[in-house]
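Chemist: Generate a structure from the sequence data that follows.
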Amino acid sequence: YVHRKILVYIRSKRMNDEDLRTVETYRLELYMQACENLSAENEAVRLSGAQTLVGLGDIWHSDKTFPEETRREHVQKIIDTLCAYIRSPFHIATKIKNNLEKIEGRVTRQDIQHEIDILATDEKVEYISERNVRKNILLSIYNRVHVPATSMRHFCEIHSGGRDNSGIWSSYTFNFSGSVFFYPIQFRYAHWGARVDMSDCVYLDAVRMQHSRYMTFVDFSHSIFYCDVDLRGISYVRRMSRRDSIYHGKADLRSSYYGGTANLSGSVYYDKAIFADSEFRLFYFKTVSFRNSIYHSKVNFKYCFYHEDVNFSDSVYCDVVDYRYSTYLRESNFSESTYYKRVNFAQSIYWYSLFINNTYHEYVNFSGSIYGWSVDFRNSWYRNKPKFSSFNSRWTKPSLFSFERLGGTHYTDFSTRTDELLGESPEAPSIEPAPQNSVLPVGCRFLTEEEQKYCQDTVYGPYFDCNQLQKVLDWFAPKLKTYRRSKK
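Modeler: Model (predicted):
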């Protein structure tokens, strides 16, 4: 009611400088009173303080009688106050977090619920009260950065200069770093036009950020996700970081767009990690790093498109890994990694790839792939014979190699190592070279001049994208079929 009276007064009078100072002073008094209310013991009073701040932010944003710089300064100050409250420690949430950190290995939803159940009655009341206040603040922020449901196509229209449906607070910075979110995070279809800092956060409840847009740098590094994470369809226009994070629940990162460098290194995934699939593909247009990560469950990297360098080195995979149907237009480094279950690199296109010093404890499949520049498999250990070609009654999927690119000559080394630490036995298989060919394994061949030219013009051309991968594989299909028949 008070806010509406202020707006009516502003619109009904032509205000001079003294009037503006009077209004600004009155709003400052409201701001100070709201900040005091945020520290009250009563939940209703704290909620009232938060709602007053949000209302003041809306008034400052829409009040054209003040200079834009003044308006933005006051709105940013209000946002900083709300974010500071979200970041402020809450002793019960901190106690739950500390108890969860003592659990070795994966933390389940039941473990979190157990910590809540054993709280004393007065602690539960306080916990629920503070949860409601903070959840309400976060919802108010979300309502002011939310945009209508959109798609990747609509985002591309916006990014290329089309209309922009950003929220009224989207152009401001938000700092949530170090927060303990003991309530659900709902940031679906949010538009963040300025920097967002969510580093060093702990999430004790579900996270829903799908189809959001980050127009500048966003930092999720050093975070711990104890529940499922839905990060599908997010657009990172500039660089982003999610390094050194831990995922105890399922991580869904499909159908995202990475316009800047992406750092996802040093992370641990206890549950299934899905980066892409046939319906929701993944696009990386700058360098990306997954190095030094540990995957305790299945991981899916299928249908990914890497326009620049990508690094998967120094990682450990405890379950099945699938890299099929991916495109690597620059260097891809899979070296110094250990695979305890099956791994599939088949039906992909590589430019310059490194598979050095790897350990494969089960089946590994490289068949049906195209290596356009050079590939290095040196010093790797295979418990089972690696598969570079696939023959059956209907089809053949050999790997194709080209060692000449832009006038340069390159080589491939398929040697295996002897490692006493691994206890390699004489029966451990090595990669068998093709007959009369000391370079390629059985079932593989070099690209012909026609195929090399096709790759230069299509695969490594400036307009190739992930959606054209199937087109390239279809173009090679009759040639591979002819090659199969010649080997019968």
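
Chemist: CA only for contacts and neighbour counts going forward, please
Modeler: Will do.

Chemist: how many other residues sit next to Glu41?
Modeler: Glu41 has 12 neighbouring residues, counting by other Cα atoms under 10 Å.

Chemist: One more: Arg330?
Modeler: Neighbours of Arg330 under the rule other Cα under 10 Å: 18.

Chemist: Test my guess that it contacts Asn311.
Modeler: No: counting by Cα atoms under 8 Å, no contact exists between Arg330 and Asn311, whose distance comes to 10.7 Å.

Chemist: Residue ranges in the stretch 201-350 of the chain under the pLDDT threshold?
Modeler: Along the stretch 201-350 of the chain, the model assigns pLDDT under 70 to residues 277-282.

Chemist: on that earlier part again, between Arg330 and Asn311, what contacts are shared?
Modeler: When contacts are counted by Cα atoms under 8 Å, 6 or more residues apart in numbering, the set common to Arg330 and Asn311 is empty.

Chemist: what's Val320 in contact with, if anything?
Modeler: Ser297, Lys298, Val299, Tyr340, Lys341, Arg342, Val343.

Chemist: for the residue positioned nearest the centre of the chain, what are its contacts?
Modeler: Central residue check for the chain by Cα atoms, centre = their mean: the C-alpha nearest the mean position is that of Leu253, 5.5 Å away. Applying Cα under 8 Å, 6+ apart, one finds that Leu253 lies in contact with Asp230, Leu231, Arg232, Gly233, Ala273, Ile274, Phe275, Ala276.

Chemist: Now intersect these with the strands, please.
Modeler: Members of these lying in strands (criterion: DSSP state E): Asp230, Ala273, Ile274, Phe275, Ala276.

Chemist: Check these and tell me the two furthest apart.
Modeler: Distances among the ones in strands among the contacts of Leu253 were taken as Cα to Cα; the most separated pair is Asp230 and Ala276, at 12.6 Å.

Chemist: Tell me which of the two has more neighbours.
Modeler: Each of Asp230 and Ala276 had its neighbours counted (other Cα under 10 Å), and the higher figure belongs to Ala276 (25 against 19).

Chemist: Could you give the backbone dihedrals for the residue nearest to that one when sequence neighbours are not counted?
Modeler: Leaving aside its chain neighbours, Ala276 sits nearest to Arg254 (4.4 Å; criterion: Cα to Cα, 6 or more residues apart in numbering). The phi and psi values for Arg254, taken as degrees, to the nearest 10, are phi -70, psi 160.

Chemist: and Val23, what element?
Modeler: Remark: Val23 resides in helix 17-38, with elements defined by DSSP states H and E.

Chemist: Okay, buried residues for the very next helix or strand once past that helix please.
Modeler: Remark: after helix 17-38, the chain's next helix or strand is helix 43-62, criterion DSSP H and E. When burial is assessed from 16 or more other Cα atoms under 10 Å, helix 43-62 yields the following buried residues: 43, 45-47, 49-54, 56-61.

Chemist: of all these, which comes closest to Asp111?
Modeler: When these are compared against Asp111 (criterion: Cα to Cα), the nearest one is Glu43, at 27.6 Å.

Chemist: thinking the closest one is in contact with Arg134, fair?
Modeler: No: using Cα under 8 Å, Glu43 is not in contact with Arg134, being 10.5 Å away.

Chemist: Was I right to think Tyr352 contacts Phe377?
Modeler: No: the pair Tyr352 and Phe377 does not pass the contact test of Cα under 8 Å, sitting 11.7 Å apart.

Chemist: Angles on the backbone of Lys341, please.
Modeler: Listed backbone geometry of Lys341 is phi -130, psi -170, with angles given as degrees, to the nearest 10.

Chemist: And Tyr306, how far from Ser326?
Modeler: When distance is defined by Cα to Cα, to the nearest Å, Tyr306 is 8 Å away from Ser326.

Chemist: hmm, I was thinking of Phe366
Modeler: Counting by Cα to Cα, the gap from Phe366 to Ser326 is 12 Å.

Chemist: joint contacts of those two?
Modeler: Taking Cα under 8 Å, 6+ apart as the contact rule, the neighbours common to Phe366 and Ser326 are Gln347.

Chemist: Please identify which of those two sits among more neighbours.
Modeler: Between Phe366 and Ser326, Ser326 has the larger neighbour count (other Cα under 10 Å), namely 25 against 22.

Chemist: Name only those of the contacts of Val320 that count as buried.
Modeler: Here, 16+ other Cα under 10 Å leaves Ser297, Lys298, Val299, Tyr340, Lys341, Arg342, Val343 buried among the contacts of Val320.

Chemist: Please name the residues that touch the last one.
Modeler: Read that as Val343. Contact partners of Val343, counting by Cα under 8 Å, 6+ apart, are Val320, Val321, Asp322, Tyr323, Glu362, Tyr363, Val364, Asn365.

Chemist: let's see it at 7 Å
Modeler: Neighbour list for Val343: Val320, Val321, Asp322, Tyr363, Val364, Asn365 [criterion: Cα atoms under 7 Å, 6 or more residues apart in numbering].

Chemist: and what of the fourth one?
Modeler: Residues touching Tyr340, when contacts are defined by Cα under 7 Å, 6+ apart, comprise Tyr317, Cys318, Asp319, Tyr360, His361, Glu362.

Chemist: what do Glu43 and Arg134 both touch?
Modeler: Contact with both Glu43 and Arg134 is made by no residue, according to Cα under 7 Å, 6+ apart.

Chemist: coming back round to it: relative to Ser179, which of the ones in strands among the contacts of Leu253 is nearest.
Modeler: If you rank those by distance to Ser179 using Cα to Cα, Asp230 comes first, at 18.7 Å.
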